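Student: Here is a sequence with its predicted model. Questions after.
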Amino acid sequence: MNSLDYFIIIPIYNGASHIEELYKHIPSIFHHRVLFIDDGSVDETANVLRSMNLKMIRHSENKGKGSALKTGMEYAKRNDASFCVTMDVDLQHPPESLHDFVKSYEANTISIGYRYDRVSMPIHRKLSNFLTSLLVSIRTNETIKDSQCGYRLIPKSMFGLALKESGFQFESELLLKGCLLGYGVNHIHIPTIYNQADSAIHPMRDTFKFIALWFRSFFW
């Protein structure tokens, strides 16, 4: 595994207050692989990344999480990476689990974080996640336990997929298209962590957007 090249892609929008704490928890063995995608932040994100001498690509304006992830995947593709791991900056994705994701690598398989203990998950997030995971499972004939978790390993062969979504639905589009093309799915157990960070996901609006995407998938 050590002979393979890969990147840890972290999209970030107005997340300056989380960067130092997150980076402190990322095992040092992964530090040189971390790439932040600053999606047009208007706070001190870019300055903090520069002051810490962290690798970043900056969007001149906010384009959405999906666009940030695409930028990271394009970078990984240009640099001939075998895969990338995507994670959020707000410490809801424990950096200590990076070892498990990297060890799970298979060329034609997506690894997804599975928050198995959901006692602390807000009820509206439980319902939204249950619905989206169920619909993805039905559509792809693949058991998907946590479709909304953005902690993932994406293999190189998926970097070139034609993906149109630019916001949060990008992750659902990637999962749907990947599974429909025959990619397998690994689930990596991670704890359920909810802190004081504000979520940019709107449970009702984004669930309806997902359902619209799900129906469109029948015409791909």
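Tutor: Arrived safely, thanks for sending. Residues are numbered from 1 along each chain as shown.

Student: Please point out which parts of the longest helix seen in the chain sit buried.
Tutor: As assigned by DSSP state H, the longest helix anywhere in the chain is helix 123-140. Neighbour counts over helix 123-140 (16 or more other Cβ atoms under 10 Å) mark Arg125, Ser128, Asn129, Leu131, Thr132, Ser133, Leu135, Val136, Ser137, Arg139, Thr140 as buried. C-beta here means a position set from N, CA and C on the backbone, and glycine is covered the same way.

Student: Need the residues you listed in CSV (columns: distance to Asp88).
Tutor: Output for the buried residues of helix 123-140, formatted as CSV (distance: Cβ to Cβ, whole Å):
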residue, distance to Asp88
Arg125, 14
Ser128, 17
Asn129, 15
Leu131, 21
Thr132, 17
Ser133, 18
Leu135, 23
Val136, 20
Ser137, 23
Arg139, 25
Thr140, 24
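
Student: Among the residues you listed, which has the minimum pLDDT value?
Tutor: pLDDT is lowest at Arg125 among the buried residues of helix 123-140; the value there is 80.

Student: where in this protein is pLDDT low?
Tutor: 1-3, 118, 120, 195-203 (pLDDT under 70).

Student: residue closest to the middle of it?
Tutor: The residue lying closest to the centre of the chain (Cα atoms, centre = their mean) is Gly150, at 3.2 Å.

Student: residue contacts, that one?
Tutor: Contact analysis of Gly150 by Cβ atoms under 8 Å, 6 or more residues apart in numbering lists Lys65, Thr86, Met87, Asp88, His93, Gly113, Glu171.

Student: what's the most distant pair in those?
Tutor: Spatial extent of the contacts of Gly150 (Cβ to Cβ) is set by the pair Lys65 and Gly113 at 15.6 Å.

Student: picking up where we left off before, ok, the buried residues of helix 123-140 vs Ser157, which is closest?
Tutor: For those, the nearest to Ser157 is Thr140 (17.0 Å; Cβ to Cβ).

Student: Could you check how far that closest one is from Ile193?
Tutor: With distances taken as Cβ to Cβ, to the nearest Å, Thr140 is found 27 Å from Ile193.
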